[in-house]
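Novice: output the structure for:
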Amino acid sequence: MEYIQIPKTQKRKLRIFFRNLRKPILKIFENLFIPMSEEQLQDSSPSPPPFDPSQPSIPISYPLKTLEELESRVYFSSFHYPFNVSSVPIQSGSLASRPRILVCHDMAGGYLDDKWVQGGTNEGAYAIWHWYLIDVFVYFSHNLVTVPPPCWTNTAHKHGVKVLGTFITEWKEGRAICNVLLSTKESAQMYAERLAELAVALGFDGWLINMEVDLDKGQIPNLKEFVSHLTQTMHSSMPGSLVIWYDSVTTDGSLLWQDQLNDKNKPFFDICDGIFVNYTWKESYPKLSADAAGDRKFDVYMGIDVFGRKTYGGGKWKTNVALDVLKKEEVSAAIFAPGWVYETNQLPDFQTAQNHWWSLVEKSWGIQQKFLRELPFYSNFDQKMRAMVIILQLMQSKCQIVLGATSLAKAFRPFLEFSEDSTKTIQVIVNPKEASYSGGGNITFQGTLQGDAYFMTRLFLGEILLGNSPVLFTYSVKSDGSSLVGLALELSSTSNEKMSVLLAAKGHTLLTMNQFSSKFSKVIMPHRVVEMEEAPGWVIQESSIKMNRYILTEIHTVCYKSKLDLVDLKLDSSSDDNDLALSGSNYYAVLGHLTVKTSDLNSDFPPSSSWLIEGQHIKWASDLQGAKTLSAEIIWKLKDGNYSSSRNYYVYVEKLANEAAGNSGGTLKKEQEYLGVAQVEAFYVSDFVVPLGTSSLKFIIQARGTDGAGQKLDDCPFFQLAVEDSISPSGTNGDGMKFRNRICECGRKSVIKFSKSKNNPQTSYCCPTDSCSQDRRSNLSKMDGNPIAELREIHNNYLVVGATVWLLGCYLLLLLLVLIMVGNGPVHLKWVEPILAVASPT
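Specialist: From the prediction side, this is the model:
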C-alpha cells in the first residue's frame with residue numbers, strides 16, 4: 001500500500017476549504033431560526049405591475065407621452081379621466097390690461113404629491129398660497145403633453161388665476177415627433193384640435209407651446225398653422241383661454257433662444273396670446289421687447305429663473321431685482337420654478353421661507369388679484385394637501401368628531417402679511433398640525449399684549465358690493481380664555497366715503513365700546529355665540545352688518561385681551577405684581593374658519609331621493625393580517641341629469657353589524673367614518689379594511705355648500721354594500737397549517753386559512769374551531785404578524801431541513817478525514833487525492 005505525508009501548504013488549503021464549507025451550513029441554520037425582517041420581505045416581494053390607466057386604482061393625474069395617445073383620444077377612456085376634471089370655473093374672463101405675473105411650476109419632473117387627485121399623505125407637500133400675486137399659472141414637465149392636476153386648476157380658478165398645460169418637444173425624440181406633427185397642414189390642425197379638446201374637457205385654460213428642437217425651414221409654415229389653429233380653436237371653444245409661445249425655435253427653424261421679442265420670433269407671437277421669453281435676457285431687452293410688441297406689451301412675459309441659471313439679477317432671494325426692471329418697462333413677468341424655496345430647503349422652514357420669498361414679489365410688483373368679489377364666501381385657511389386631521393363639524397346642533405384625510409380644498413387662501421420684524425408682539429402662522437375646526441389649517445396668533453394694546457393683521461382683500469340684506473360673518477375661535485379675536489372691516493361707499501367696522505368678540509359690551517369706539521367708525525358685538533361642549537375650547541361667533549351700496553375691500557383680524565379678565569386679575573389680592581404682568585400679557589388664539597354670506601342665503605341641498613348612487617369596480621380581498629379589504633368606485637348623479645351646484649362632497653362610511661354578532665341591523669359604533677373629499681361626482685375607495693362582524697357598509701355622500709355648510713348626514717344619499725364572505729368558514733385543521741407560536745385566546749393553536757378564490761388566494765389567521773367567540777377571532781386577526789411571510793418561512797424550512805441533514809453528514813465525514821490529515825501520521829493516497837482535487841482545483 002502507498003502512503004504519503006501531507007505537506008504543510010496542502011494542510012493549510014484543507015483547513016481553509018472546510019472553514020468555507022462551514023459558512024453556508026451556518027447560514028442555513030440562521031435562516032431557519034431567525035425570522036425574515038420586513039425589509040427582506042419587501043425586497044423579496046415582486047415589483048408592482050406597470051401602470052395601466054384603464055384599470056381601476058387610486059385616481060391620479062398623469063401626462064401623455066406620445067402623439068399616438070393624443071391622436072387616439074385614449075385618455076378619455078382612462079379610469080382616471082373623470083377624476084381629473086376641474087370642478088371650479090374661473091371667475092374672471094380676459095386678463096387685466098396691466099403688467100402681469102405668470103408662474104411656471106416646474107418641480108422634479110412634475111406629478112409628485114399633487115398627482116393624488118383625492119388627496120395625498122405628505123403633510124409637507126409643496127403648495128402655493130400667494131394666489132393674489134399671480135395672473136397665470138403654468139403646470140410644466142418634460143413630458144410631451146403635461147395635463148395640470150385638478151387640485152391646481154380648482155385652487156387657481158377659485159382665486160381668479162388661469163391655468164395652462166404644456167406641450168413640449170425636446171431632443172431627438174422631439175424632432176421625430178415634430179416630423180409627424182408637422183408633416184402636413186391637416187396633421188398640424190388635427191393635433192391642435194386634440195389639445196384644445198383635452199383642455200376644454202378637463203377645464204383648464206389653454207397651453208404653453210415649447211418647441212425646443214431644430215426644424216427644417218420648410219416645416220415652419222405648418223408650425224405656424226399648428227399654433228394659429230390651436231389658438232383659434234381654444235378661443236372658440238373656451239372664451240378667455242390662452243395659448244402662449246415659448247421663445248425657442250425661430251422662423252428659420254433654428255433652436256436659438258432670442259431672450260427678447262424680435263423679428264425672429266414675433267411671427268409666432270402675432271398668432272397667439274403671448275410669448276414666454278427665455279430667462280437669460282439683458283437689462284435692455286425688456287424695453288426692446290415692449291417696443292417690438294407695441295400695444296401688446298403686457299402679453300410679453302419676460303422669464304426669470306428662480307434657481308438663478310444665467311438669469312438677470314441672479315434669481316433666488318434676488319428675484320425682485322429682475323421684477324423691478326420689468327415693472328419699470330411695463331412688460332409682464334414669467335417666474336420659472338418658484339418651488340426653489342421648497343426644493344433647496346430654505347431656512348428656517350418652508351412656510352416661513354415661502355412667505356418671505358413671496359413678500360419680495362409683493363413689494364416689487366404689488367397685489368394682482370382681489371379675488372373676493374361675491375358672496376357667499378368661505379375659508380378654512382387650508383394651504384396644502386394633508387392627511388389624517390381631526391375635523392369638527394357643527395351638524396344638527398351637535399359637534400361630530402371624525403377622522404380622515406382631506407385633499408387640497410377649494411377654500412380661499414388668506415392674504416397673510418410677512419414681517420421680518422422680530423419685535424412684533426404677535427406671531428401669525430397657518431398651523432396645519434393642530435386639530436382644525438373644518439378640515440383646513442388654523443391661523444394661530446401667539447405672543448404678548450399689554451393692557452389696552454391690540455394687534456391687527458390683514459386677512460383678505462376684496463371688492464364685494466353689499467346690498468339691502470344684512471351680511472353675516474361667522475367664525476370659529478379657540479383661545480386661552482382671555483385672548484379674544486375680532487374682525488375689522490374696511491368699506492368704501494360709491495361716493496368714496498371710507499368706513500371701518502369692528503366685529504368684536506364676545507365680552508363685556510361697555511368695556512369693549514370704551515376700548516375701541518375711538519379707533520373704529522362702528523363697533524358691533526356678536527348676536528350669537530355658541531360654545532361647543534363636545535369640543536371644549538371652540539367657540540362659534542356670529543355678527544351681522546347692513547351697509548347698502550358699500551364695497552367691502554378688506555378683512556383684518558383684531559387680537560386683544562378681555563378687559564373684564566384684566567379687571568378681575570387686578571382685584572384678585574392673591575396675585576402679586578409679577579403674576580399680574582405675566583398673566584395679563586400672554587396671548588394665544590386660533591382662528592378655525594370664516595364664512596361671509598347674506599342673511600337670506602340658505603344652503604338648499606337636493607333630497608336623498610333625487611340622487612342615483614351606485615358602486616362600480618367592486619373588489620374584495622384580504623390583507624396580510626387576514627382582514628377583508630374593499631376597493632370600489634362610488635358614483636352619484638342627480639336623476640334629472642343636472643349637475644349639483646355644490647361639486648364638493650364629503651364621503652363617509654358606516655359599518656353595519658352582523659346579526660350573528662348580537663347587534664341585528666345596528667352599527668359597530670354609532671358614528672360615520674370620514675373617508676375624504678370628492679371634487680367630482682365620484683370617489684374611489686381603496687383597500688378599505690372591513691372589521692370582523694361587519695355585514696354591510698353604508699357609504700354616505702354629503703354635499704357641501706359654497707358657504708362651507710354641509711347637508712345633514714341623515715338626509716344625505718347613500719350606497720349600501722353587503723360584505724362578501726370571501727373566507728372559507730370551515731374550521732377543521734385540514735384546511736389550514738398550524739402556526740408554531742400563534743395561539744388563540746381560547747388556547748388552541750391558530751391556523752392559516754385560505755380564501756376560495758383560485759385566481760387570487762388569500763390567507764389569514766384563524767382559530768381552528770367555529771365555537772370560538774367572535775371577539776377572540778377578531779383579536780386573533782389583529783395580532784401582529786404576516787401570514788404570507790410565515791408561510792414562506794415554513795415552506796423554506798421544510799426545504800432546508802433535508803439539505804441541512806445531507807450537508808451535515810458530508811461535513812462530519814470530511815471532518816474525520818481532516819483529523820487524520822492534520823496529524824503527523826501518514827495517510828493513504830487514495831483518501832487524499834479527491835479531497836485535494838476539491839480543495840485545490842488549480
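Novice: surely residue 113 touches residue 107?
Specialist: No: using CB atoms under 8 Å, residue 113 makes no contact with residue 107, being 9.8 Å away. Every C-beta, even on glycine, is put in place using the N, C-alpha and C of the backbone.
Novice: next, show the common contact partners of those two.
Specialist: residue 126 (CB atoms under 8 Å, 6 or more residues apart in numbering).
Novice: tally of neighbours for residue 310?
Specialist: By other CB atoms under 10 Å, 12 other residues sit near residue 310.
Novice: which residues touch it?
Specialist: So residue 310 contacts 279, 280 (CB under 8 Å, 6+ apart).
Novice: and if we set it to 6 Å?
Specialist: Contacts for residue 310 (CB atoms under 6 Å, 6 or more residues apart in numbering) come out as residue 280.
Novice: that one - that's part of a helix, no?
Specialist: No: per DSSP: H, G, I helix; E, B strand; the rest coil, residue 310 lies outside any helix segment and is coil.
Novice: do you know how far it is from residue 494?
Specialist: 51 Å (CB to CB, to the nearest Å).
Novice: next: residue 559.
Specialist: Taken as CB to CB, the span from residue 559 to residue 494 is 32 Å.
Novice: now the strands for the stretch 201-350 of the chain?
Specialist: 206-212, 242-246, 274-277, 300-305, 332-336 (DSSP state E, counting those that start in this stretch).
Novice: adding mean pLDDT, write those out as TSV.
Specialist: Conversion of the strands of the stretch 201-350 of the chain to TSV gives the following (pLDDT from 0 to 100):
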stretch	mean pLDDT
strand 206-212	98
strand 242-246	98
strand 274-277	98
strand 300-305	98
strand 332-336	98
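Novice: now those strands in CSV, with distance to residue 690?
Specialist: Formatted as CSV, the strands of the stretch 201-350 of the chain follow (distance: least, CB to CB, whole Å):
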stretch, distance to residue 690
strand 206-212, 45
strand 242-246, 48
strand 274-277, 51
strand 300-305, 51
strand 332-336, 48
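Novice: tabulate those (CSV), appending distance to residue 481 and mean neighbour count.
Specialist: CSV is the format used below for the strands of the stretch 201-350 of the chain (distance: least, CB to CB, whole Å; neighbours: other CB atoms under 10 Å):
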stretch, distance to residue 481, mean neighbour count
strand 206-212, 52, 24
strand 242-246, 52, 26
strand 274-277, 54, 26
strand 300-305, 48, 27
strand 332-336, 44, 26
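Novice: residue 615: which of those is closest?
Specialist: Smallest distance to residue 615 across the strands of the stretch 201-350 of the chain (CB to CB): 36.4 Å, for strand 206-212.
Novice: contacts for that closest one, please.
Specialist: So strand 206-212 is in contact with 138, 164-170, 195, 234, 241-246, 248-249, going by CB under 6 Å, 6+ apart.
Novice: weed out the non-buried ones from those.
Specialist: 138, 164-170, 195, 234, 241-246, 248-249 (16 or more other CB atoms under 10 Å).
Novice: and these, which of them are in helices?
Specialist: Mapping the buried ones among the contacts of strand 206-212 onto helices (DSSP state H) picks out 195, 234.
Novice: my guess is residue 287 meets residue 330, correct?
Specialist: No: using CB atoms under 6 Å, residue 287 is not in contact with residue 330; the gap is 9.3 Å.
Novice: contacts only, for the nearest residue to residue 264 once chain neighbours are set aside.
Specialist: Nearest residue to residue 264, sequence neighbours excluded (CB to CB, 6 or more residues apart in numbering): residue 250, at 4.2 Å. By CB under 6 Å, 6+ apart, residue 250 lies in contact with 256, 264, 265.
Novice: what about residue 250, distance to residue 262?
Specialist: 9 Å.
Novice: what about the closest residue to residue 698 other than its chain neighbours, how many neighbours?
Specialist: The shortest distance from residue 698 to any non-neighbouring residue, by CB to CB, 6+ apart, is to residue 654 (4.1 Å). Using other CB under 10 Å, the number of residues around residue 654 comes to 20.
Novice: what helix or strand is residue 654 located in?
Specialist: Using DSSP states H and E, the element containing residue 654 is strand 649-657.
Novice: by contact count, what packs against that strand?
Specialist: Strand 649-657 sits against strand 673-678, strand 694-703, with contacts defined as 3 or more CB pairs under 6 Å, 6 or more residues apart in numbering; DSSP states H and E.
Novice: with just CA atoms, put the shortest one into CSV.
Specialist: In other words, strand 673-678. What follows is strand 673-678, C-alpha atoms only, in CSV (Å, rounded to 0.1, in the frame of the first residue of the first chain):
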residue,chain,number,x,y,z
GLU,A,673,-66.0,57.4,9.5
TYR,A,674,-64.8,60.2,7.2
LEU,A,675,-63.0,58.9,4.1
GLY,A,676,-62.2,62.0,2.1
VAL,A,677,-63.3,64.9,-0.2
ALA,A,678,-64.6,64.5,-3.7
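Novice: tell me the strands beside that strand, with direction?
Specialist: Its sheet considered, strand 673-678 pairs with strand 649-657 (antiparallel) by DSSP bridges.
Novice: residues making contact with the strand it pairs with?
Specialist: Contacts for strand 649-657 (CB under 6 Å, 6+ apart): 663, 666-668, 672-676, 678, 683, 693-703.
Novice: can you check stretch 135-149 too?
Specialist: 61, 63-65, 70, 100-106, 109-110, 114-115, 152, 156, 161-167, 204, 208, 368.
Novice: burial count for the nearest residue to residue 521 once chain neighbours are set aside?
Specialist: Among residues not flanking residue 521 along the chain, residue 499 sits closest, at 4.6 Å (CB to CB, 6+ apart). By the criterion of other CB under 10 Å, residue 499 has 14 neighbours.
Novice: packing partners of the helix or strand residue 499 falls within?
Specialist: Here residue 499 sits within strand 498-503, counting by DSSP H and E. When contacts are defined as 3+ CB pairs under 6 Å, 6+ apart, strand 498-503 sits against strand 483-493, strand 522-524.
Novice: re earlier: and the contacts of residue 250, which of them are buried?
Specialist: 264, 265.
Novice: got the contacts of residue 250 as a markdown table, with distance to residue 725 and pLDDT columns?
Specialist: Conversion of the contacts of residue 250 to a markdown table gives the following (distance: CB to CB, whole Å; pLDDT from 0 to 100):
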| residue | distance to residue 725 | pLDDT |
| --- | --- | --- |
| 256 | 69 | 98 |
| 264 | 71 | 98 |
| 265 | 67 | 98 |
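Novice: who's in contact with residue 230?
Specialist: Counted by CB under 6 Å, 6+ apart, residue 230 has contacts 192, 195, 243.
Novice: now do the contacts for the second one.
Specialist: For residue 195, the contacting residues are 207, 230, by CB under 6 Å, 6+ apart.
Novice: against residue 219, how distant is it?
Specialist: 18 Å.
Novice: then residue 489?
Specialist: 59 Å.
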